[in-house]
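J.: Test case, fold it:
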Amino acid sequence: MLRVLLSSYRNKRNLIHYFVLTYLDKVISFALPLSILLVLKDKSLYTMVEVAFSYAAITMISIELGLSNYLFWGYKEAESKGLFVEKARIFFRALLFFYCVICFVFAAYLHISNSVSLILYMIVMTRTLFTFFVNFNSNIYRLEDRPSKIYLITIIVNLSSFILLVLAYQFKWQNSAVFFLLPSVVLVLLVGGKFLVERSLFEFQEFRTFVKNALTFSWPIILNLLAMSFINNYAKIYAYGHLSESEMVQISYIMRIGLIIQLSHTAYASYFSKSLFMDISKRFNVKIFKQYSLVILFSILIVVVLIHFTNFLFDSYIQIPFNLSTVFFILYIVLWCFIGYLELYFGVMNKNRLILYYSIISSVVYVMLLKVFGDVDLLQLSIIMVVAGLLNIVLVLFGLRKLGLSGIAINLKRKE
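T.: Numbers count the residues shown, from 1 in each chain. Now for the predicted structure:
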């Protein structure tokens, strides 16, 4: 028995290491906003940070220009794959440097004008650029068959953020919540500043061509992600302005805990994304999908246990009801994960426009339902999100069937 387990570990060692590092990184990252609630015990600040993170998620998609999504396709088509990766890195740092300059100028303007939005803007700006860095470099390391390397950076940054926040609380430093932004700011400035050292390697014409190719390939994905991100994050934004503080805490906490399911999705789908893109057979991989489904199921169980555990441990100042709205919010997260996994196949066949059409349809239905019901409560909001998610996944499955993938999967099962 032990020999079988050791053999299985050796065969899947890289995958296991990747999953362990992914969970370690995401647990620390996911705990940062929660630490404001659990360490600082500041519900209003916690809800503001969650809303800022929601705005950052939408903003990042807009400024990223499709670079991360284009990497796999560009790498697949490039004659010199090493040169393609090297150029992509230079172009990324150039774009990051440009965004740093813009953000600094706007932050200076807000500071001079004594704007009350300065702190919110700083959180949005920092989170946006840090996420941009992580998304791009995660794909670069996957192309180099070193998917775990990104965590050498992110674990250090996220752990430093958590430690600084705790120290700020213990020593009663002013604006203590700002300290969890500091490591991300330093990283972004260092990486963006590196462009000044290598600017002689930068050619604007090549950069423009690269961005044009990235946008040509990725624009349906960008619009699709914007539509999906709107649905994912609008709940927190809506709750921040229309619902009570306790309801805002509930939805923010559930969506935050639900990131455990999303990180399982991201880790598994990302690990096999290169394999799916390089598979010339263009067949739906049933074996990988079954493993993926088991990982998601296990993640759901973890989320349910964590909600009950934190209710028991921190019941004096936080209590998340495990009611129907909570179940629907978790269900929506699960639907989002399966949609994201299945959409990989549209990218493999360069059929990203279909993804866009499906997300637009589901987003329109989502907005229409919100308009019809007007001022919705928490349960109605969760139901509307699930309806939009169900519609989207049905359309995605229909698209896969039209492309022949569903039929191939069925034939493979029959042959077995």
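
J.: so where's the stretch 251-400 of the chain shaky on pLDDT?
T.: Scanning the stretch 251-400 of the chain for pLDDT under 70 picks out the ranges 270-271, 273-282, 316-317, 348, 350, 352.

J.: again, only this time at 90
T.: Along the stretch 251-400 of the chain, segments meeting pLDDT under 90 span 251-295, 299, 302-326, 329, 336-337, 339-382, 385, 396-400.

J.: And the next helix or strand past the helix or strand hosting residue 37?
T.: In this structure, residue 37 sits in helix 13-38 according to DSSP states H and E. Downstream of helix 13-38, the first helix or strand assigned by DSSP H and E is helix 43-63.

J.: tell me what the helix or strand just after that following helix is packed against?
T.: Towards the C-terminus, the helix or strand next in line after helix 43-63, according to DSSP H and E, is helix 67-77. On a contact count with 3 or more C-beta pairs under 8 Å, 6 or more residues apart in numbering; DSSP states H and E, helix 67-77 meets helix 81-112, helix 118-143, helix 204-242, helix 259-278, helix 324-348. Using the backbone N, CA and C atoms, a C-beta is placed for each residue, glycine as well.

J.: and the third one, which residues are buried?
T.: Within helix 204-242, the residues that qualify as buried are 210-211, 213-214, 217-236, 238-240, counting by 16 or more other C-beta atoms under 10 Å.

J.: related to what we said a few turns ago, can you point out the buried residues in the helix holding residue 37?
T.: Neighbour-count burial for helix 13-38, with 16+ other C-beta under 10 Å as criterion, is recorded at 18-19, 21-23, 25-26, 28-37.

J.: quick revisit: nearest approach to residue 162 belongs to which of the helices and strands packed on helix 67-77?
T.: Set against residue 162 and scored by C-beta to C-beta, these come closest in helix 118-143, at 14.4 Å.

J.: chain center to the closest one, what's the gap?
T.: In this view, helix 118-143 has its centroid 10 Å away from the chain centroid, taken as C-alpha atoms, centre = their mean, to the nearest Å.

J.: Report all helices and strands that it contacts.
T.: Against helix 118-143 (3+ C-beta pairs under 8 Å, 6+ apart) you get helix 43-63, helix 67-77, helix 81-112, helix 150-170, helix 182-197, helix 259-278.

J.: 6 Å instead, please
T.: Helix 118-143 sits against helix 43-63, helix 67-77, helix 81-112, helix 150-170, helix 182-197, with contacts defined as 3 or more C-beta pairs under 6 Å, 6 or more residues apart in numbering; DSSP states H and E.

J.: between that helix and helix 13-38, how many degrees?
T.: Calculated by axes from the mean of the first three to the mean of the last three C-alpha atoms, to 10 degrees, helix 118-143 forms an angle of 170 degrees with helix 13-38.

J.: now helix 118-143 against helix 67-77, angle please.
T.: Put simply, helix 118-143 runs at 10 degrees to helix 67-77, going by the same axes, to 10 degrees.

J.: And helix 118-143, what's buried?
T.: Neighbour counts over helix 118-143 (16+ other C-beta under 10 Å) mark 119-143 as buried.

J.: What of stretch 248-256?
T.: Residues of stretch 248-256 classed as buried: 248, 249, 250, 251, 252, 253, 254, 255, 256 (neighbour count, 16+ other C-beta under 10 Å).

J.: residues in contact with the second one?
T.: It stands for residue 249. residue 43 (C-beta atoms under 6 Å, 6 or more residues apart in numbering).

J.: what about 10 Å?
T.: Residue 249 sits next to 37, 43, 44, 46, 47, 50, 239, 243, 317, 318, 319, 320 when contact means C-beta atoms under 10 Å, 6 or more residues apart in numbering.

J.: show me what contacts the fourth one?
T.: It refers to residue 46. Residue 46 is in contact with 33-38, 40, 177, 245, 248-249, 252-253, 256, 318, counting by C-beta under 10 Å, 6+ apart.

J.: if we take those residues, which one ends up nearest to residue 268?
T.: residue 256 (20.3 Å).

J.: For residue 354, which of the helices and strands packed on helix 118-143 is the nearest?
T.: With C-beta to C-beta, the closest approach to residue 354 among the helices and strands packed on helix 118-143 belongs to helix 67-77: 14.8 Å.

J.: Isn't residue 25 up against residue 162?
T.: No. Using C-beta atoms under 10 Å, residue 25 is not in contact with residue 162, being 11.8 Å away.
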